[in-house]
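Chemist: Next come a sequence and a model predicted from it.
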Amino acid sequence: MAAPEFESAVEWVEQVSRPWVARGQIIAPRLEAEEVSLRFFLGVYWLPDDDGPSASRESGRFVCSEDAALKLLAMCEKSRAAFDLISAVAADYLNRDDELPSTLRLFAALKISDQLSPPKPTRRSRTNARNFFLLMLAKTVASDKGLSLTRGAASKEETSACDAVVEGLRRNGHHVSERAIKELCVGSGKENRRIRAEIIELQSAFQFACDAGVIPKRVLDREWNRVGVNKLSPS
C-alpha cells in the first residue's frame with residue numbers, strides 16, 4: 001500500500017494536470033522560454049476577473065504599461081518572445097474593444113501593414129511549456145509532499161516524486177515514463193541542462209517581480225506561485 005504522502009502527491013498531480021491533458025496528450029502552447037521572464041521583468045501580466053484561489057484564463061485582461069510596451073516594441077524584431085507577448089497584449093485590447101495605447105496602436109499598425117517581420121520561433125518552443133510543466137510537477141511534489149525527487153538506480157520502489165507525476169498523469173490518460181521525467185530533473189544531457197538553466201533565469205526574474213513590485217503580489221500568488229515557479233530549483 002502506498003504511503004499517504006505518495007497518494008496525496010498523486011492526487012495533487014492528477015488535479016493540477018487535468019486541464020493540460022486532452023485525448024491522452026499534454027496540450028501545451030508554443031512558448032519561448034524568454035517570454036515568461038519578460039513578463040516578470042516588465043510587469044506584464046494577466047489580471048483575472050474572478051476571485052478564486054487559482055488564476056483563471058477564462059476572463060480577465062492583460063495589464064501592460066506604456067513603458068513595457070515600448071520596450072517590447074523595441075525588441076520584437078529580434079526577439080520572438082517579445083513579438084509573441086506584445087502580439088498577445090495588443091490582441092487582448094482589440095478583442096475587448098478597448099482603446100489601444102499609442103505604442104500598442106503603432107505595433108498593430110506595423111504588423112497589419114506587414115512592416116514588422118516576426119523572428120522565427122526556436123525549434124524547442126513547442127516543447128518548452130511541456131517540459132517546464134513536467135519539471136514543475138516533480139519539483140513541487142518533492143518539496144511540498146516530502147518525497148525524494150527521484151528513486152535510486154537500483155530501487156524498485158515506485159515512491160519518488162517522478163513516480164507520483166507518472167501515476168497522476170496516467171489517471172488523466174497521459175502516459176510518460178519515470179525515466180523521462182527523471183532525465184528532466186537530473187539528466188546530464190545538453191537539453192536537460194539547458195532547461196534547468198532556463199529555470200534558474202526564470203527564478204531570478206520571478207524574484208525581481210517580487211522585490212520590485214511590478215506585478216501585484218496577489219497576482220503573483222495566484223498566477224505564478226500557484227504553478228510552482230519559485231520551487232523549480234536546479235538542485
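Modeler: That came through, no problem.

Chemist: Which of the three states applies to Arg30?
Modeler: coil (DSSP: H, G, I helix; E, B strand; the rest coil).

Chemist: Quick check: it touching Thr122?
Modeler: No: taking CB atoms under 8 Å as the definition, Arg30 is not a contact partner of Thr122, at 9.5 Å. (Each C-beta comes from the backbone N, C-alpha and C, glycine too.)

Chemist: Can you show me the strands along this protein?
Modeler: Taking DSSP state E, the strands of the chain run over residues 21-22, 25-26, 45-48, 60-63.

Chemist: Run the chain-centre distance for stretch 19-36.
Modeler: Its chain's C-alpha centre and that of stretch 19-36 lie 8 Å apart, by CA atoms, centre = their mean, to the nearest Å.

Chemist: Pull it out as PDB, backbone CA atoms only.
Modeler: Output of stretch 19-36 as PDB, limited to C-alpha atoms (Å, rounded to 0.1, in the frame of the first residue of the first chain):
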ATOM      1  CA  PRO A  19      -6.800  20.800 -17.700                       C
ATOM      2  CA  TRP A  20      -3.500  20.100 -19.500                       C
ATOM      3  CA  VAL A  21      -4.400  16.700 -20.800                       C
ATOM      4  CA  ALA A  22      -6.700  16.000 -23.800                       C
ATOM      5  CA  ARG A  23      -7.100  12.800 -25.700                       C
ATOM      6  CA  GLY A  24      -4.100  11.300 -23.900                       C
ATOM      7  CA  GLN A  25      -1.700  14.100 -24.800                       C
ATOM      8  CA  ILE A  26      -0.400  17.100 -22.800                       C
ATOM      9  CA  ILE A  27      -1.800  20.200 -24.600                       C
ATOM     10  CA  ALA A  28       0.800  22.900 -24.100                       C
ATOM     11  CA  PRO A  29       1.100  26.100 -26.100                       C
ATOM     12  CA  ARG A  30       4.200  27.000 -28.100                       C
ATOM     13  CA  LEU A  31       6.300  29.000 -25.700                       C
ATOM     14  CA  GLU A  32       9.500  30.900 -26.000                       C
ATOM     15  CA  ALA A  33      11.200  30.500 -22.600                       C
ATOM     16  CA  GLU A  34      12.200  34.200 -22.600                       C
ATOM     17  CA  GLU A  35       8.600  35.300 -22.700                       C
ATOM     18  CA  VAL A  36       7.900  34.300 -19.100                       C
END
